[in-house]
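[1] Here is a sequence together with a model predicted from it:
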Amino acid sequence: MKRRGFFGQVPESEQQTSVPAAPTRVIGTLERPPAAEPETQTTPAPAAQIRSGGSTPGLVSAHHRLYASIARGLPAPRSTPRNFSDLLKNVIWPIENALDSAMIDAAARLSALEALEAGCTTVIDHHASPRAIEGSLTLIARACTDVGVRVVCSYAASDLRGPDRARQGLEESRRFIQAGGRGMIGIDASFTASPETIDLAIGIANELGVGVHAKVAEGIGDSGGGSDLVRRSKDSWVLAHGVHLPDGLEIAGTIAHCPRSNMDRGVGYGMPSRFGPRVALGTDGFGGDLLEEFRIAYGRLREINVGTSPRTPWGWLEAGWLLVPEARQDRVRWSLKEIEPEHLVANTGIRARSVQVAGRTVFDGGRPTQVDADEIRAKAAEQTRRLITRL
């Protein structure tokens, strides 16, 4: 049986070597999810580890789909996708439609664990589970908190299954935020949302004082609707992909560039450097390894301009700290001493040795300190088997 993964010249300006000073665009309004964080004493990293590697703040995935961690190694679809539209209809949407609460919880825990192992301390998640909407964001937030990863949640509302489901998705984001969760108002791919749903989403976001998290112009068929949504954006918004956005568009929000996802889905290269400094890196369901995302982002830049510097995609990685400023206070100790862009593009297999989130050591010596990694992986594997039976 065939196996598959989850989802199946323009000159570059090199004037900018890092993210310039800019007003912080804080995503969400509240610090903690509905479940209180466990009271755990901070454990200092051993002195030998402190001396052995370089360190950075905690990394931020500006656009993630945590549920994707259980959608690996599934049987190939009955019909081989020929384009992005086929991929959505035959692979991605059926997976989302099959999710239930047990799957959502297990996937969030595994994704949070993988993020932690890769030095990613904050995830901006864009969730979709049309048959299990109510309470889904609370499940995700509690799972991430248990593991020790900070999360900003949103439900990706869509009219694909009717306006009632779209409203349920928006109300799930509203409920979660009003209950004390840190979140945004989510919109799935803009071509799947009616003008009424988009207007309602923006209205709720304005009412609650939070941003909108939406997918825009990922595929060529969404370029028009994506552009219209971008024109309405605010500083607090996260706009994922933007591959087919036209040049010259004024963007107030941050473009979340997800190079591995874009390559996997065959949607093309969006040349995110054309958007200036308002670009951050996301993993979009492909684990939590932002250093790998950084390398691939650099490689794609080099394809079109061999003179490009790794400082440009490194600036996109740094932009995550503008979205979630407290992640800058987290601390990741790495297996490599030279934590500079020029070293990181040429070194693979770099792993986090210790991770502190909000002053608490949540990862040390290659293991999480708050959860059992083996148990999380075993439960996720069980939910993958359940998912297969539903597809």
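    Happy to help now that I have it.
[2] In this structure, what residue spans correspond to helices?
    With helices called from DSSP state H, the chain shows them at 47-52, 84-87, 93-98, 101-117, 136-147, 163-178, 195-208, 223-231, 259-265, 290-304, 311-318, 320-323, 341-344, 373-390.
[3] Centre of the chain to the fifth one, how far?
    From the chain centre to the centre of helix 136-147 is a distance of 15 Å (Cα atoms, centre = their mean, to the nearest Å).
[4] just the angle between that helix and helix 163-178, please?
    40 degrees (axes from the mean of the first three to the mean of the last three Cα atoms, to 10 degrees).
[5] Packing partners of helix 136-147?
    Packed against helix 136-147 by the contact rule (3 or more Cβ pairs under 8 Å, 6 or more residues apart in numbering; DSSP states H and E) you find helix 101-117, strand 150-152, helix 163-178. All C-beta atoms are positioned from the backbone trio N, CA, C, and that covers glycine.
[6] Mean confidence (pLDDT) on that helix, please.
    When pLDDT is averaged over helix 136-147, the result is 98.
[7] re earlier: which among the helices and strands packed on helix 136-147 is found nearest to residue 379?
    Residue 379 lies closest, by Cβ to Cβ, to one member of these: helix 101-117, at 4.9 Å.
[8] With only the CA atoms kept, save that closest one in PDB.
    Taking C-alpha atoms only, helix 101-117 is exported to PDB below (Å, rounded to 0.1, in the frame of the first residue of the first chain):
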ATOM      1  CA  SER A 101     -12.200  15.100  20.400                       C
ATOM      2  CA  ALA A 102      -9.900  12.200  21.200                       C
ATOM      3  CA  MET A 103      -8.000  12.800  18.000                       C
ATOM      4  CA  ILE A 104      -7.800  16.500  18.500                       C
ATOM      5  CA  ASP A 105      -6.400  16.100  22.000                       C
ATOM      6  CA  ALA A 106      -3.800  13.400  21.000                       C
ATOM      7  CA  ALA A 107      -2.700  15.400  18.000                       C
ATOM      8  CA  ALA A 108      -2.300  18.600  19.900                       C
ATOM      9  CA  ARG A 109      -0.100  16.900  22.600                       C
ATOM     10  CA  LEU A 110       2.100  15.200  20.000                       C
ATOM     11  CA  SER A 111       2.500  18.500  18.000                       C
ATOM     12  CA  ALA A 112       3.300  20.400  21.100                       C
ATOM     13  CA  LEU A 113       5.900  17.800  22.100                       C
ATOM     14  CA  GLU A 114       7.500  18.000  18.700                       C
ATOM     15  CA  ALA A 115       7.600  21.800  18.900                       C
ATOM     16  CA  LEU A 116       9.200  21.700  22.300                       C
ATOM     17  CA  GLU A 117      11.800  19.200  21.000                       C
END
